[in-house]
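Participant: model this:
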Amino acid sequence: MNKSQIRKKILTIRKQKKINKFIFNFDLILNILKKGGVSGKIIGGYYPYNYEIDILQILEKFEKKNFTITLPKIKKNSQMNFFQWSTDDPLAINKFGIPEPISEKVKYPDVLLIPLVAFDKNFNRIGYGGGFYDRYIKKIRNKKKVLTIGFAYSFQKVNKIPTNNYDMKLDFIITNK
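Facilitator: Numbers count the residues shown, from 1 in each chain. Presented below is the predicted three-dimensional model:
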């Protein structure tokens, strides 16, 4: 199957399942940060959309531990940057229907928590097809070390994701299993 076929199939399954709860082991996430050698305290999160795994409780826990939370904003030319956000801050809805921070304070995360549509055992991922995260990961890795952690349900795992030179592998993927 090509990426488009995989995306369509997994999105259909994810929508049908409508799983609301994903139980997180926050200590496991902190251990991943230690293993990944993360010393900074800026977390790049995402606001869940289209049945993505809801990581808002994780962002709240990071915020309580004095991490700076950031969320992505889509800019012109399909570019994306991360902007400071607190769980108490209001959000604006972008042209894709995704909530974004209203802050104009750009931050470069030390850790990126990334939604995904599908993944394989080699930490390759498929998103919605816009290439936003691939471009952003490439850009930020030219500036600093960043740890990338994908979040998915176990049923989103496929045998093999076809890749090209633009695709960026993730460092870790956390599932409900």
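
Participant: Which residues does stretch 165-177 contact?
Facilitator: When contacts are defined by C-beta atoms under 8 Å, 6 or more residues apart in numbering, stretch 165-177 is touched by residues 19, 22-24, 28-29, 32, 36, 114, 116, 119, 122-125, 131, 133-135, 137-138, 147-154, 156-157, 161. Quick note: C-beta positions are derived from backbone N, CA and C, even for glycine.

Participant: In helices, which of those fall?
Facilitator: Filtering the contacts of stretch 165-177 for membership in helices, criterion DSSP state H, returns 28-29, 32, 133-135, 137-138.

Participant: got the contact list for the helix or strand where residue 10 lies?
Facilitator: Element membership for residue 10 (DSSP states H and E) is helix 3-17. Counting by C-beta under 8 Å, 6+ apart, helix 3-17 makes contact with 1, 50-51, 117-118, 126, 128-129, 153, 155-156, 158, 161-162, all of which sit outside it.

Participant: Repeat the analysis, applying 7 Å as the threshold.
Facilitator: The contact list for helix 3-17 (C-beta atoms under 7 Å, 6 or more residues apart in numbering) reads 51, 117-118, 126, 129, 155-156, 158, 161-162.
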